[in-house]
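Engineer: Test case, fold it:
(one chain, ligands or ions: 1)
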Amino acid sequence: MKNNMRLLIVGGVAGGASSAVRARRLSENAEIIIFERGPFVSFANCGLPYRVGNVIKKEDDLLVTTPELFKGWFNIEVRTHSNVCRVDRKKQEIEIESRTTDTVYREKYDALVLAPGAAPLKPPVEGIDLPGIFTIRSIPDSRVVMDWINRKNVRHAAVVGGGFIGLEMTENLKHLGLDVTLIEMLPQVMPTMDPEMAVYIHDHLISKEVTLCLGSPVTGFRQNKDERIDVLTAADKTIPADIVILAMGVRPEVELAQEAGLTIGDLGGIQVDQRMQTSDPRIWAVGDAVEVKNAITAQPGLVPLAGPANRQGRIAADSIVGIEPHDHLFRGVQATAVCGVLGLTIASTGLTEKQLQRLPDNQIGRDYEKIYLHPSHHANYYPDAKSITLKLIFSTPEGRILGAQAVGLAGVEKRIDVIAMAIQKHGTVFDLEEAELCYAPQYGSAKDPVNHAGMIAANILRGHLEIAHWEQQALTGKYVLDVRTASEFKNGHIENAINIPLHQLRQRMAEIPIDRDIWVYCLVGQRSYFAMRILAQTGYRVRTLSGGFLIYKAIRKISL
Ligand code: FAD
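Structural biologist: Residues are numbered from 1 along each chain as shown. The predicted model follows:
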């Protein structure tokens with residue numbers, strides 16, 4: 001592309017703004033114009049729930065950059081209130097409706113970046129447009145929600161959708177002192193987690209007095225006599241609310257691209273190559289509107305997250321400005337994400353077990369294994385250690401890391417970030433076992449939870465640890481051994497389990513039948529591993545139940 005080209009950008013937030021400033025840094029001569037439909041560019045949409053909750057006190061704090069700063073620092077022109085309504089590929093022009101002057105005009109481009117993002121889903125059900133029902137995508141959206149809460153003496157909120165935005169809105173509405181009912185169509189919140197991991201989120205939400213209404217698709221909304229809204233669910237349950245927040249997911253905004261005849265993928269996102277180039281060599285597309293390759297399965301996916309949008313914006317600019325060599329390519333996504341809700345951190349990277357089970361056979365390896373562990377976020381002897389529940393999934397026999405999920409009160413995202421990086425480098429559990437990570441008592445342990453996960457998984461692959469899973473547990477026929485203390489056992493145990501506390505195991509081994517399959521468990525999986533090693537070396541056929549009694553309880557909850 002020539003150095004004094006005209007680069008036009010549609011959409012001025014994460015992907016669009018990144019593209020613009022990167023292009024400027026690479027080309028001082030290009031003319032760069034951003035067109036943004038709304039009143040703001042480069043605002044922190046991720047901060048909107050916290051603005052509603054008044055955690056972010058000033059709206060201005062959401063403005064990462066302003067049109068003045070774009071001009072002053074980068075010599076980039078920003079036109080807000082400017083809706084791009086057509087792309088004329090033949091003439092290399094776009095058509096813009098100016099919402100300030102009520103005029104329609106055209107601009108020519110040498111290169112065009114589409115960064116229109118994704119729109120919140122609003123299913124076509126009865127009453128969806130009633131006053132008091134809102135979605136959150138922009139600063140004006142946050143204003144109307146805050147205004148409604150203040151003017152209408154709102155006491156009870158219903159949040160529909162238990163994904164990231166639904167959970168963040170739940171947290172912030174609770175901050176405002178509202179009663180919140182969280183309604184989710186699936187039997188679990190956070191669909192990016194496996195169900196047994198989501199149980200920890202459910203328990204936490206309930207402990208914080210959030211009312212959960214799971215497995216309840218919303219069928220409509222009705223205004224009731226007190227000007228409140230009745231949320232109607234398929235289970236014939238009616239939930240009255242003073243305000244309803246819809247957080248039911250998003251759909252890529254592809255109308256412009258579609259009308260221009262650009263190729264749209266099977267999932268409904270704009271199709272792009274690794275340089276973020278669309279089917280037209282003069283047009284690039286980035287962010288929530290595009291379909292991207294999953295870095296592990298190579299399948300297309302829609303991953304509406306800010307990190308990929310920002311990185312794609314840079315890649316598109318590099319490709320447009322033509323920096324050589326053309327080796328800055330988008331590697332794909334693995335959906336690394338974190339979310340906080342009322343003190344609990346939930347983070348994940350890579351594939352979930354649900355996703356793995358849906359993949360065609362042999363797509364990513366012969367087989368997979370999973371482990372659960374509950375390490376402390378820092379040294380146990382240092383005050384205030386909090387437990388993390390971590391699930392690691394890896395291929396067998398190679399040990400390639402396929403995914404990880406974690407929940408806990410502290411130190412969760414750090415572990416998932418480390419594992420995310422290992423996945424990006426095609427790492428194995430042996431890499432986690434040997435990872436050299438920083439340590440001091442208030443930050444971690446000499447054997448960090450990441451090392452710990454790698455060690456357990458490596459033990460399995462090397463044949464030093466045989467595990468079983470609770471859901472495989474046709475316990476009939478198995479001799480189930482509980483190696484916790486007598487008082488732990490008394491407080492709850494698996495039916496028919498025999499209690500021999502670990503410290504008595506060597507003396508009481510004769511009580512355990514040598515001709516039976518032994519499945520041993522403890523609270524989290526550590527004492528049962530020690531027991532397993534003792535028994536295996538004495539000639540027993542023995543497995544430990546991964547994740548211990550804690551995972552057993554979680555699995556029982558989902559099967560109830
Ligand atoms: P956007 O940032 O949505 O920008 C698209 C812009 O294009 C919009 O401003 C729109 O007005 C404009 N536009 C669209 N069509 C046109 C047109 N025809 N003409 C002119 N302008 C147009 N991600 C995370 O990773 N972590 C989080 O914590 C997180 N929290 C979030 C919280 C909320 C409430 C929301 C809404 C999103 C959150 N996200 C989060 C997602 C993240 O914000 C998006 O993935 C990211 O902003 C996508 O960037 P984008 O450039 O594709 O689209």
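Engineer: Would you mark the buried spots in stretch 515-532?
Structural biologist: Residues of stretch 515-532 classed as buried by neighbour count (16 or more other CB atoms under 10 Å): 518-529, 531-532. No exception for glycine: its C-beta is placed from N, CA and C like everyone else's.
Engineer: Name the surrounding residues that touch it.
Structural biologist: With contacts defined as CB atoms under 8 Å, 6 or more residues apart in numbering, stretch 515-532 is touched by 372-374, 456, 459, 465-466, 468, 473, 475, 477-484, 488, 494, 497, 502, 505, 512, 535, 540-550, 552.
Engineer: Does Gly249 touch Gly161 like I think?
Structural biologist: Yes - between Gly249 and Gly161 there is a contact at 6.7 Å, judged by CB atoms under 8 Å.
Engineer: of these two, who's got more company?
Structural biologist: Taking neighbours as other CB atoms under 10 Å, Gly249 and Gly161 compare with Gly161 leading, 26 against 17.
Engineer: Do I have it right that Arg51 meets Asn45?
Structural biologist: No - contact criterion CB under 8 Å: Arg51 and Asn45 do not qualify, at 10.1 Å.
Engineer: Between those two, which is the more surrounded one?
Structural biologist: Between Arg51 and Asn45, Arg51 has the larger neighbour count (other CB under 10 Å), namely 23 against 19.
Engineer: Name the nearest residue to the residue in the stretch 451-560 of the chain that the ligand sits nearest to, ignoring sequence neighbours.
Structural biologist: Across the stretch 451-560 of the chain, the shortest distance to the ligand (CB to the nearest ligand atom) belongs to Ala453, at 24.0 Å. Among residues not flanking Ala453 along the chain, Leu392 sits closest, at 4.6 Å (CB to CB, 6 or more residues apart in numbering).
Engineer: What pLDDT does the model give Ala474?
Structural biologist: For Ala474, the pLDDT comes out at 59.
Engineer: Same question for Ala298.
Structural biologist: Reported pLDDT for Ala298: 91.
Engineer: residues in contact with whichever residue of the chain sits closest to the ligand?
Structural biologist: Using CB to the nearest ligand atom, Gly287 is the residue of the chain that sits closest to the ligand, at 2.0 Å. Residues counted as contacts of Gly287 (CB under 8 Å, 6+ apart) are Gly11, Ala14, Gly15, Gly16, Ala115, Pro116, Gly117, Pro308, Ala309, Gln312, Gly313.
Engineer: These: which ones sit near the ligand?
Structural biologist: Gly11, Ala14, Gly15, Gly16, Ala115, Pro116, Gly117, Ala309 (CB under 6 Å from any ligand atom).
Engineer: secondary structure element for Arg508?
Structural biologist: According to DSSP states H and E, Arg508 maps onto helix 505-508.
Engineer: Just the buried residues of the host helix or strand of the residue nearest to Ala453, please?
Structural biologist: Assigned by DSSP H and E, Leu392 falls within strand 388-396. Neighbour counts using 16+ other CB under 10 Å place Ile388, Thr389, Leu390, Lys391, Leu392, Ile393, Phe394, Ser395 of strand 388-396 among the buried residues.
Engineer: all helices of the stretch 151-300 of the chain, in order?
Structural biologist: 164-175, 195-207, 255-259 (DSSP state H, counting those that start in this stretch).
Engineer: Deepest in the core, which of those helices is it.
Structural biologist: Sort these by mean neighbour count, taking mean count of other CB atoms under 10 Å, and helix 164-175 sits at the top with a mean of 24.
Engineer: That one versus helix 195-207: what angle between them?
Structural biologist: Orientation note: helix 164-175 sits at an angle of 20 degrees relative to helix 195-207 (axes from the mean of the first three to the mean of the last three CA atoms, to 10 degrees).
Engineer: pLDDT weak spots in the chain?
Structural biologist: Low-confidence segments of the chain, defined by pLDDT under 70, are located at 1-3, 324-325, 361-366, 473-476, 559-560.
Engineer: In it, which helix is the longest?
Structural biologist: Within the chain, and with DSSP state H defining each element, the longest helix by residue count is helix 306-321.
Engineer: Sort out which residues of that one are buried, please.
Structural biologist: Within helix 306-321, the residues scored as buried using 16+ other CB under 10 Å are 306, 308-321.
Engineer: what do you get for stretch 412-431?
Structural biologist: Neighbour counts over stretch 412-431 (16+ other CB under 10 Å) mark 412-416, 418-420, 422-424, 427-431 as buried.
Engineer: Please flag which of those sit within helices.
Structural biologist: Among the buried residues of stretch 412-431, DSSP H puts 412-416, 418-420, 422-424, 429-431 in helices.
Engineer: by contact count, what packs against the strand holding Leu392?
Structural biologist: Under the contact definition 3 or more CB pairs under 8 Å, 6 or more residues apart in numbering; DSSP states H and E, strand 388-396 sits against helix 195-207, helix 353-358, strand 367-373, strand 401-408, helix 412-424, helix 429-434, helix 449-461.
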